[in-house]
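Participant: Sequence and predicted structure below; questions after.
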Amino acid sequence: MTGPRNVAVLGATGSIGRSTLDVIARHPHRFRAFALTAHSRSDELFELCVAHRPALAVLADEAQARVLRGRVAASGLPTEVLAGAQGLIAAAEHPEVACVMAAIVGAAGLAPTLAAARAGKKLLLANKEALVMAGPIFMAAVRTSGATLLPIDSEHNAIFQCLPERARGGVAGCGVRKIVLTGSGGPFRTRPLAGLAHVTPAEACAHPTWSMGRKISVDSATMMNKALEIIEAHWLFGAPASAIEILVHPQSVVHSMVEYADGSVIAQLGNPDMRTPIAQALAYPDRVDAGVASLDLARLAALTFEAPDFDRFRALALAYDVLAAGGTAPAIFNAANEVAVGAFLAGELAFPRITEVIEATLERVGADAVGRLEDVIEADARARSAAGVALGRAIVRTA
Ligand code: NDP
């Protein structure tokens, strides 16, 4: 038998990163944490180096990487420490790495995630923003290199499991009527709209069913997360926007479903714990213990579903507009959201203004065709600058 598969965990100090390391640690004969990366939290990454003894650790922040290098050397750990954007890419495409968990949050993950795709790795995609921004380039890289792309988002992982193998790269001609992405509706699903102007970052991050990083938690509260997932599903499964539907399911037990031409609906269920999709993808095509408790449907007793409120969650309607516009529109959509969420988390922007900033940015920055990665990077930069202007106006109006 061969040794454990080397895994690079990009975004190791985050919510998905730590869940991934938990699953890896349960199966030392199957998986080895070979490379761990983070942005700037050197104390957290050092602790993970002590626990997992990786061959490589990377911090995007150069100064913090020097701090980490000093501590690693003083501790006698067998870990090489790299720094900066090039260090992240080196971890993603390292020849000894078989599998990459792409779990950096936001556009910052695009370059290393794409590097893993181009290097033909088994690529576990949590960083949906990378695919949303650069869908055609990303999918072309996967096809050219022969990378195995496995979705980690619980919804897309569920769809992956509900589709027959031949439909996973594209559902056309496979009898799929529609893909139904479920979403909890977040913490403000039923809160009166008038009360949303004063919600705090802590309230927005207190998701009712999932424990996640701060940015995706705010995205869940605006349902921008589901909006990004519509675009993600389009690229992952080659599904037209008209065949992708959203269904609100507050319990987060049915993770998503596929409806077929004959009327059959196949769903994937499980407790809301990201270790399930992570373990499914890490071990694929095998199944391994993820440390997740059995689903007790008798105790849950009732699962409920409702149509999404497109007026309350404007981001959902915008996602379909963005898909119709194509080209760089998804990159602009994503960048505007990152700017607005950053301002909300910093206490500078009122919660309902997040979607307003996104909409104003989409109106201001026209979408162009995507030919090269530079087109995406340029659109991202233009959108961030326009979102900054929209942000300024929104803050002045609120004051
Ligand atoms: P977290 O905020 O918890 O973690 C983010 C990770 O990315 C940290 O390791 C952070 O390092 C690193 N990071 C942040 N900025 C940079 C940067 N500029 N360069 C390099 N590394 C960076 O995020 P989550 O784990 O919640 O989410 C990660 C991704 O997974 C997102 O794309 C999210 O949409 C997706 N996802 C998350 C789910 C969840 O349950 N959390 C569910 C489904 C998808 P540091 O600690 O040093 O800041």
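Facilitator: Nice, I can see it.
Participant: separation between the closest residue to the ligand within the stretch 101-250 of the chain and residue 310?
Facilitator: When distances are taken as CB to the nearest ligand atom, the stretch 101-250 of the chain reaches nearest to the ligand at residue 213, 2.5 Å away. From N, CA and C alone the C-beta is placed, and that goes for glycine too. Look at residue 213 and residue 310: by CB to CB, to the nearest Å, they are 26 Å apart.
Participant: Just want to know which of the two has more residues nearby.
Facilitator: Comparing residue 213 with residue 310 by neighbour count (other CB atoms under 10 Å), the higher total belongs to residue 213, at 17 against 14.
Participant: Is the more buried one in contact with residue 18, as I believe?
Facilitator: No: applying CB atoms under 8 Å, one finds residue 213 not in contact with residue 18, separated by 10.2 Å.
Participant: Residue 318 contacts residue 227, correct?
Facilitator: Yes: under the criterion of CB under 8 Å, residue 318 lies in contact with residue 227, with a separation of 6.3 Å.
Participant: Between those two, which has more neighbouring residues?
Facilitator: Legend: neighbour count by other CB under 10 Å for residue 318 and residue 227, higher for residue 227 (30 against 22).
Participant: Find me whatever residue is spatially closest to the residue of the stretch 251-399 of the chain found nearest the ligand, sequence neighbours aside.
Facilitator: Of the residues in the stretch 251-399 of the chain, the one nearest the ligand is residue 274, at a distance of 4.5 Å by CB to the nearest ligand atom. On the basis of CB to CB, 6 or more residues apart in numbering, the spatially nearest residue to residue 274 that is not a chain neighbour turns out to be residue 19, at 4.9 Å.
Participant: For residue 276, see how far away that neighbour is.
Facilitator: To residue 276, residue 19 is 10 Å away according to CB to CB.
Participant: ditto for residue 330
Facilitator: Residue 330 sits 27 Å away from residue 276 when distances are taken as CB to CB.
Participant: who has more neighbours, these two?
Facilitator: With neighbours defined as other CB under 10 Å, residue 330 and residue 276 compare such that residue 330 has more, 30 against 23.
Participant: Say whether the ligand is contacted by the helix or strand harbouring the more buried one.
Facilitator: Using DSSP states H and E, residue 330 maps to helix 329-345. No: on the criterion CB under 6 Å from any ligand atom, helix 329-345 is out of touch with the ligand, staying 10.3 Å away.
Participant: Same question for stretch 128-138.
Facilitator: Yes: figure legend: stretch 128-138 in contact with the ligand (CB under 6 Å from any ligand atom); contacting residues 128, 129.
Participant: what's in contact with that stretch?
Facilitator: Residues from elsewhere that reach stretch 128-138 (CB atoms under 8 Å, 6 or more residues apart in numbering): 102, 105-107, 109-110, 113-114, 117, 125, 153, 228-229, 231-232, 234-236, 330-331, 333-335, 338, 370, 372-373, 376, 380.
Participant: Which among the residues you listed count as buried?
Facilitator: If you count burial by 16 or more other CB atoms under 10 Å, the buried members of the contacts of stretch 128-138 come out as 102, 105-107, 109-110, 113-114, 117, 125, 153, 228-229, 231-232, 234-236, 330-331, 333-335, 338, 370, 373, 376, 380.
Participant: what is the mean pLDDT for stretch 323-335?
Facilitator: In this model, stretch 323-335 carries a mean pLDDT of 98.
Participant: Then stretch 259-272?
Facilitator: In this model, stretch 259-272 has an average pLDDT of 98.
Participant: Return the distance of it from the chain's centre.
Facilitator: Per CA atoms, centre = their mean, to the nearest Å, the displacement of stretch 259-272 from the mean C-alpha position of its chain is 22 Å.
Participant: Could you list which of the contacts of stretch 128-138 belong to helices?
Facilitator: The helices, defined by DSSP state H, take in 110, 113-114, 117, 228-229, 231-232, 234-236, 330-331, 333-335, 338, 373, 376, 380 from the contacts of stretch 128-138.
Participant: Show the average pLDDT along stretch 200-213.
Facilitator: Model confidence over stretch 200-213, given as mean pLDDT, is 92.
Participant: Spell out which parts of the protein neighbour the ligand.
Facilitator: Contact residues of the chain with respect to the ligand, defined by CB under 6 Å from any ligand atom, are listed as 11-17, 38-41, 44, 60, 88, 103-105, 108, 126-129, 153, 210, 212-216, 274.
Participant: Need the buried ones from those residues selected in PyMOL.
Facilitator: A single PyMOL command selects the buried members of the residues of the chain next to the ligand (16+ other CB under 10 Å):
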select buried, resi 11+12+13+14+15+16+17+38+39+40+41+60+88+103+104+105+108+126+127+128+129+153+210+212+213+214+215+216+274
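Participant: Helices - which of the residues of the chain next to the ligand land there?
Facilitator: Using DSSP H, the members of the residues of the chain next to the ligand that fall within helices are 15, 16, 17, 44, 88, 128, 129, 214, 215, 216.
Participant: contacting residues for the nearest residue to residue 30 once chain neighbours are set aside?
Facilitator: Distance criterion CB to CB, 6+ apart; nearest residue to residue 30, sequence neighbours excluded, is residue 4 at 5.6 Å. Applying CB under 8 Å, 6+ apart, we find residue 4 in contact with 27, 28, 29, 30, 31, 32.
Participant: now, which of these lie within strands?
Facilitator: Taking DSSP state E as the definition of strands, those contribute 31, 32.
Participant: Give me the phi and psi angles of residue 306.
Facilitator: Reported as degrees, to the nearest 10, the phi and psi values for residue 306 are phi -150, psi 160.
Participant: For residue 258, list the residues it contacts.
Facilitator: Counting by CB under 8 Å, 6+ apart, residue 258 makes contact with 159, 162, 163, 176, 178, 179, 180, 265, 266, 267.
Participant: Fine by me, we can end here.
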